[in-house]
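# Curious how this folds, go ahead:
(chains A and B)
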Protein chains: 2
Amino acid sequence: MLLSKLVCERTKDAPQDAKIKSHILLSRAGFIKQVAGGIYTMTMPCQKMSQKIQNIIREEMDALDGQEVLFPVVMPRELWELSDRYNTIGSEMVRFKDRNNRDMLLGMTHEEAAVHLANHIVSSYAQLPMMIYQIQTKFRDEARARGGLIRVREFTMKDAYSFHTTKEDLEEYYYKVFNAYNRIFRRIGLKNFIDIKSDSGMMGGSIAHEFMLLTEVGEDSIVLCNDCDYRANMEVAEGKINEAKCEIEPLQEVFTGDDKTIEEVCNRLGKKAEFSCKAVVFAVKGNSEEVVIAFTRGDLEVNEAKLKKVLKKDIVPYDGGVSEIIACGNIGPYNLDKSIITVYDKSLKDVNSLVIGANKPEYHYTGFNFKRDMPDAEFYDISKVREGDICPVCGGKLRIENGIEIGNIFQLGVKYTKSMGMTVAAADGTLFNPIMGCYGIGVGRAIASIAQESGDDKGLVLPMTVAPWQVHMCPLRIDNEDVAKKSYELYDSLKKAGVDVLFDDRDTAAGIKFNDADLMGMPIRIVVSPKSLANDEVEITIRSTKESTRYPFADAVEVVKKLIKDELDKINAEVEKKCN
Amino acid sequence: MLLSKLVCERTKDAPQDAKIKSHILLSRAGFIKQVAGGIYTMTMPCQKMSQKIQNIIREEMDALDGQEVLFPVVMPRELWELSDRYNTIGSEMVRFKDRNNRDMLLGMTHEEAAVHLANHIVSSYAQLPMMIYQIQTKFRDEARARGGLIRVREFTMKDAYSFHTTKEDLEEYYYKVFNAYNRIFRRIGLKNFIDIKSDSGMMGGSIAHEFMLLTEVGEDSIVLCNDCDYRANMEVAEGKINEAKCEIEPLQEVFTGDDKTIEEVCNRLGKKAEFSCKAVVFAVKGNSEEVVIAFTRGDLEVNEAKLKKVLKKDIVPYDGGVSEIIACGNIGPYNLDKSIITVYDKSLKDVNSLVIGANKPEYHYTGFNFKRDMPDAEFYDISKVREGDICPVCGGKLRIENGIEIGNIFQLGVKYTKSMGMTVAAADGTLFNPIMGCYGIGVGRAIASIAQESGDDKGLVLPMTVAPWQVHMCPLRIDNEDVAKKSYELYDSLKKAGVDVLFDDRDTAAGIKFNDADLMGMPIRIVVSPKSLANDEVEITIRSTKESTRYPFADAVEVVKKLIKDELDKINAEVEKKCN
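A predicted model of the protein is given here:
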C-alpha cells in the first residue's frame, strides 16, 4: 500500500474529547474518525487490524467446533418478548417501528436469535454439545460513550452461544472457551490481563467471568490478592476486614449537636469510625417514596451492586424530601420507622459498641449492640472491599486495580431455552431444556486495548499478529533516482515474499516520515537512503524495542522474513506456555 | 465438519411463501431461517458461502487499489441532511431517536459517510484517484420483502466509492470496476448475466449500469437486441416502432355510444389500434388533484419510469373522482382542459389520422393530426418497448427477458462532494469538488442468484469457488467397522490436504444421505460403502454433471485434489477469456 494514497490522516493533536492514550493514538494515527457520539468510521489500517483479530478469534472458535452463522441486526419485538428482555432492558436498546408499524429492535446480544435458530433443528441430545457464533455489528445506545473505541455505541462483536445436555458438560465446555479466550488475548498481543469472576447482570445466569486488561484508565475496579489467585470485580468482590474490637457498653443517648458526618460525630465522642454505623439512603428506581437505607460500619462504603443483589431491585440515590426521619438526619437502626426497607452489612454484626444515629436532631446513641439490642437483624455483604482488606481465600492482603473489560463468558443455564420453549429429547426420550453458555468479545475494544497497553509517547506499537502491515518502508530522498529504484524494487520483493508492506512514497522530509511511522506503529521499519545505499545497506528498526540494525540490501527480504517469523514464534510460544 | 452436529435442517417442504427456486432450495437445504419478514439468520453453510463470495469481491476490489474501511450502520440525521437525502428518501429508510432524542438512521448506502471520511483527509489532486469500500450489514425497509434472499430487508452488501479529478478519470476507473464486476460474477459461478444501462434513480448521477442475471423469475424486464449488443432496463429502454402509415383525413366528430376501450372504439370504427390515441390518467404523488394525462399510440403502453423522468415528479395511478373531464371518459388531446398536465408520446407525432376521445360522453374524433390540429404539441419517449420492436442501434429485433439485479455501478458526479463541501486542490491550486463513482453488490442476492441459476430438481448445485465445502462424504453403513475406520481415515487425509469436507457421520440410510447431499449441493460427493471397500474403491460423483466414477481408495485424495484444481482452473480460464 502506498501511503500517499491511504485515506488516513496523521495529526499532531487529538480531538479535544480524547483523554486516554488509546483514544488519542488511534485518532492521531488516523485509524478512526468520529461520525457521531460513540460512532466511528474505521479507516483501512484499523479495518485490516480488526480483520486480523477477527481471524484469530475465528480460529479459536472453530477449534472448539464453533459454527459461524449470521444473525440479524434488526429483530422483531415478539422474539424478545419470549425472554422478557424486550421489557426489562432499558433505553440502551434501540427500538423503532417499521413501515408496517411493527415494533423492531437493534440486537445487543443474540441469545433469542440463537435459540430461535437452534429450536427444532436441534431435537436430540446426540446433537449436543453444539456452539454457534457470529461476528457482527451491534448497537447499544450507551448513555456515556467515551474513550474512543473503549465505550462506543456501535461496535463489531463476536458473540457465541453453546448448548448442552448437562451442567457438567456446560462447565467443561465453558472452561475450554475460558482457555480459548486466554489464547485469543495473548495471540493478539495483550499481556497484562486477568480473568475474574463477575456478576452476570442482565444475562441472567450464575457463573460468569470477565477478562480484564489491567490499566490505570480502566473504568472497572478489580480486587486482587497479593498472595493467591483470588480476584474479582469490585461489584462482587468479598473481603475480610479487621475486626473492630471493643468492650460492651450500655446503650445511651448522647447529645451531638450539629455534628452530622461520621467524622464529626466520632471526633466529638472520641471514637474511631470503625465503632460507628453509617447510613446511606436510596430510593427504589421508579418509586421515589420507597426508601431503602443501607447500614454499614462507619469506615466502609456501601457497594451498590451488592445491595441491588440483596434487594433484587434497582435503586437510585435518594433525592431528599418526603420522609421526616430522613430529613432530620442522624439515621440509625434503633427504633427506625418499620416501613423503611433496611439492609445491614455483615461488618456491623459483631461490633460490641456502636455509635448510631438516634433518628432525631442533635442526638446519637453510643453502646449500640446488634445482638443485644436488635437480635432479629439479618446481615448481608453489602460493603465495598478496600485496599489492604484481607483475602477471603488465603488471608493475604487485597489490592485494587483498574481494568477494561475485554471479554466475558457466562453460564446462562436454561433461562432462554425454557422461556422460549426449546426442548431436546434425552437418551431415554424425555424432553429437557438445553443448558446454555454465552461468550462475547468486542473487536473494537480489543483494538483500543492493544493501543492502550502497547502504545508509547511516540505512537502506536502494534503486535506482529495484528498489525495492518508488518513493515513500514521509509525511503528517504525518494527524489534520488537510485533510492526510488531500489526502494520500489525492495517493496515488490517483500510483497512477492508475502510480507504486508506500507510504503511511504511521499517526497517529504525524513522527520515527517519517521514521525508517521512511529505514530502508526507497524512492527518493522525499513529505511532506504542515499547514505545506506552508499554502503549497499538498509536500516531496519523494531518499533517496540527501538533497536536499529544495518543489513546488506541483498539480505533485506530474508532478514525481514526471519524477524517476522521469530516474532510470531515468540508470541505462539508464549501462548502455548501460558494457556495450556 | 460433521453433519450430525451441523445446525442446519434439511426439509422436504419449503415454507409456504417460498415460490421461486432459490428461496425453496436455500430454505429446504437449511441455509437460511426466517426471523421476520425479509430478515433471515444464515446458518453455517450459508455464512461460509457468503464469506467465500466476500473474499472474491475483496480480491477484485483490492486489485483496483480499493481500501477496505468500515462505515457505521447507524448515522446521525445531520450527515444525511447535507445531501438532502434525509428528507427525500421515503419510509424504506429506518429512522429513530436515540436516548438523547437525537434523530438517527440506518444507512442504506454510504455516500455521505464516504465523503465525511474523505473530506479534509484528501486535500490534493495527487491523492486521487482513490477508492474506499466496505462489506457491511444494511437495512432497507422494503415494502414487499419476498423471494428469500432476493428481496430482503437486512442484507450484507459491498459498497464502494471512488473519487476523481476529472470526468475522464472517473470514466476510465468506472470501466475498470465494470470489468471487475464481470470477473466477480463469473468467479462466483454465475453464467447467464448481462450488464445494462440503467436509470440511476435515487443515486442522482448520470451514467449507470446494472448487472442482471437473466432468469424467468426476475422482477425486472430487460430489453435486448437479437442482433447487436443493445440492452437496457425496460425503465429506460428505447425502441423504434413500425410506422403507422395512413392517409390524412379531415377531423370529424363521430358517435361511439358506450364503447370506451381502444379495442371497442377501433372495432366500431374499423380502425387498427395503432391509428388511435390512448389516454392514461395519473395524479402527482401527494396531491391527488394535480392530474397528469399521458397519451400514447393505442397499441402501446405507457412506461411510468420514463413518464416520471419527463415530469420530474413522482406519480401514482389516478383514483377517479374530482375532474368531470376524466369522469366522462373518452379523453383526447383536442380541446382538453388546459389546467391538466399532458404528456405526448413520440409515437403519436407522425400518425396522419388518429382516433381520439372527444372529451365528452359517446363521442370520439377521427382524422386527428397533431401537426395540423395541435402544432405546438411536444413529444417525449414515454412508451414501453415491446417484444419485436426495432433496435434503436442496429435495426434488429428486440426481445424482452426477466432479470434479477446482482450489482450496480453509478457515475455519481459531484452531487455529494458539492453538497457536503468537499474540495480538493488542483495542480494550479484552485479548488474543485472531486467527481465520484459508487459501486454495489449484494452478497445475499448473489447467493440466491447462484441457487436460482444452478439449482436443479434435487437441490442446490454449488460452484467450486463458493461452495461451503468442496466435498460431501457419504459413508454408507457407518455401523460397519471397516467403513467407519476407512471413512474417517479419508476424511482426515482430505482435511490435511487442505480440502473442505462435510462428513455425513449419521448412521442412516443411503437414500437419506444421498438426498441430503443432492439438496445441499456440494460439488463433489464421495461414497464409501462395504461394496466399494470390497474392491478397495470409493465412488466419486460430480454434483453438476451427475457423473459417477470409481477410483482406488488409495488414490482418493489425489483424485479429489485434481478434480478441485481442474474445476477452479476451468472457472479461472473462463474469467480470463470473457473478462479481459
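
# From now on I want contacts and neighbour counts done on CA atoms only, so please keep to that.
Fine.

# To what extent is residue A:1 buried, counted in neighbours?
Applying other C-alpha atoms under 10 Å in any protein chain shown, we find 17 other residues in the vicinity of residue A:1.

# what's it in contact with, if anything?
Contact partners of residue A:1, counting by C-alpha atoms under 8 Å, 6 or more residues apart in numbering or on different chains, are A:501, A:502, A:503.

# Closest one to chain B out of the residues you listed, please.
Of all these, residue A:502 has the smallest distance to chain B: 12.7 Å, by C-alpha to the nearest C-alpha.

# Could you check how far that closest one is from residue B:409?
29 Å (C-alpha to C-alpha, to the nearest Å).

# Tell me which of these two has more neighbours.
Between residue A:502 and residue B:409, residue B:409 has the larger neighbour count (other C-alpha under 10 Å), namely 26 against 22.

# part of a strand, is that one?
Yes. With DSSP: H, G, I helix; E, B strand; the rest coil as the criterion, residue B:409 is part of a strand.

# How about the contacts made by it?
When contacts are counted by C-alpha under 8 Å, 6+ apart, residue B:409 touches B:174, B:178, B:208, B:209, B:210, B:437, B:438, B:439, B:440.

# at 6 Å what do you get?
In this structure, residue B:409 makes contact with B:208, B:209, B:438, B:439, judged by C-alpha atoms under 6 Å, 6 or more residues apart in numbering or on different chains.

# Tell me which two in these are the farthest apart.
B:209 and B:438 (10.9 Å; C-alpha to C-alpha).

# So which of the two has more stuff around it?
residue B:438 (26 against 21).

# thinking the more buried one is in contact with residue B:410, fair?
Yes. Because the distance of 5.3 Å satisfies C-alpha atoms under 6 Å, residue B:438 is recorded as touching residue B:410.

# beta partners for residue A:278?
Note on residue A:278: beta-bridge partners residue A:296, judged by DSSP bridges.

# burial count for the closest residue to residue A:154 other than its chain neighbours?
Taking C-alpha to C-alpha, 6 or more residues apart in numbering or on different chains as the measure, residue A:154 lies nearest to residue A:139, with 4.4 Å between them; neighbours along the chain are not counted. A count of nearby residues for residue A:139, using other C-alpha under 10 Å, gives 25.

# what about residue A:139, distance to residue A:108?
Relative to residue A:108, residue A:139 is positioned 6 Å away (criterion: C-alpha to C-alpha).

# try residue A:417
Here the criterion is C-alpha to C-alpha. By it, residue A:417 lies 18 Å from residue A:108.

# check contacts around the residue of the stretch 401-550 of chain A found nearest chain B.
Going by C-alpha to the nearest C-alpha, chain B is nearest to residue A:506 of the stretch 401-550 of chain A, at 10.4 Å. Going by C-alpha under 6 Å, 6+ apart, residue A:506 touches residue A:4.

# what's the answer for residue A:181, then?
Residue A:181 sits in contact with no residue, where contact means C-alpha under 6 Å, 6+ apart.

# helix or strand right after the one helix or strand it maps to?
Here residue A:181 sits within helix A:167-187, counting by DSSP states H and E. Proceeding N to C from helix A:167-187, the next assigned helix or strand is strand A:193-197, under DSSP H and E.

# And that next one, what does it pack against?
strand A:208-214, strand A:231-233 (3 or more C-alpha pairs under 6 Å, 6 or more residues apart in numbering or on different chains; DSSP states H and E).

# hmm, who's touching the helix or strand that the shortest one is followed by?
It refers to strand A:231-233. Per DSSP H and E, the first helix or strand lying C-terminal to strand A:231-233 is strand A:252-255. Contacts of strand A:252-255 with the rest of the structure, by C-alpha under 6 Å, 6+ apart, involve A:362, A:363, A:364, A:365, A:366.

# Tell me the one among the residues you listed nearest to residue B:62.
Using C-alpha to C-alpha, the shortest approach to residue B:62 within the contacts of strand A:252-255 belongs to residue A:364, at 76.3 Å.

# Could you check how far the helix or strand hosting that closest one is from the centre of its chain?
Residue A:364 belongs to strand A:363-368 when elements are defined using DSSP H and E. Between the centre of strand A:363-368 and the centre of its chain there are 44 Å (C-alpha atoms, centre = their mean, to the nearest Å).

# and what of stretch A:498-515?
35 Å.

# ditto for stretch A:210-217
The chain centre lies 7 Å from the centre of stretch A:210-217; the measure is C-alpha atoms, centre = their mean.

# What segments of the stretch 351-500 of chain A are helices?
With DSSP state H, counting those that start in this stretch applied, the stretch 351-500 of chain A shows helices at A:370-373, A:415-419, A:443-454, A:481-496, listed in chain order.

# before we move on, the earlier item: quick one: the contacts of residue A:1 as CSV, columns for distance to residue B:127 too.
Written out in CSV, the entries for the contacts of residue A:1 read as follows (distance: C-alpha to C-alpha, whole Å):
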residue, distance to residue B:127
A:501, 19
A:502, 16
A:503, 14
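
# Closest one to residue B:550 out of these, please.
For those, the closest approach to residue B:550 (C-alpha to C-alpha) belongs to residue A:501, at 47.7 Å.

# who does the nearest residue to the closest one once chain neighbours are set aside bridge with?
Nearest non-adjacent residue to residue A:501, counting by C-alpha to C-alpha, 6+ apart: residue A:471, 4.8 Å away. Residue A:471 has the following beta-bridge partners by DSSP bridges: residue A:501, residue A:524.
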